[in-house]
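Engineer: Predicted coordinates and the sequence they were generated for:
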Amino acid sequence: MEGVISSIMASVGTIIGLSVAGFGIGIGIFGSKLVEAVGRNPEVKNDIVSSMMMLLIISSLFILLVFAFCFMLIFFNPFVS
């Protein structure tokens, strides 16, 4: 029983850590491409930034779904009776 709970906690930590690390790397790459695009075409800055904000909001919702999945694994686990 304790082995199952400890392995679940390790898995949840790995899931959260990798998802946040991937999200941070993705935002960094996305931000650098935004700066390149605005540097090439400064007159379309508002369109590019609004598109970026929409994509960031959608990806943040995916991260929140990962957190919800991890909390479901912690509190409503089918492997722990």
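Structural biologist: Yes, it's here.
Engineer: Going by C-alpha atoms from here, please, whenever you check contacts or count neighbours.
Structural biologist: Will do.
Engineer: On the pLDDT front, check the residue nearest to the spatial centre of the chain for me.
Structural biologist: The structure's the chain has its C-alpha centroid closest to residue 63; by Cα atoms, centre = their mean the separation is 3.6 Å. pLDDT for residue 63: 89.
Engineer: wait, it sits on residue 21?
Structural biologist: No. Between residue 63 and residue 21 there is no contact under Cα atoms under 8 Å: 10.9 Å.
Engineer: Mind checking what helix or strand follows the helix or strand where residue 23 lies in sequence?
Structural biologist: According to DSSP states H and E, residue 23 maps onto helix 2-40. Scanning forward in sequence from helix 2-40 by DSSP H and E, the next helix or strand is helix 45-75.
Engineer: and the gap between residue 46 and residue 69?
Structural biologist: Distance from residue 46 to residue 69, counting by Cα to Cα, to the nearest Å: 35 Å.
Engineer: mean confidence for the helix holding residue 23?
Structural biologist: Averaged over helix 2-40, pLDDT sits at 89.
Engineer: buried set for it?
Structural biologist: Judged by neighbour count (16 or more other Cα atoms under 10 Å), helix 2-40 contains these buried residues: 8, 12, 15-16, 19, 23, 34, 38.
Engineer: Would you mind giving those as TSV with distance to residue 1 added?
Structural biologist: Shown next, in TSV, are the buried residues of helix 2-40 (distance: Cα to Cα, whole Å):
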residue	distance to residue 1
8	11
12	17
15	21
16	23
19	27
23	33
34	49
38	55
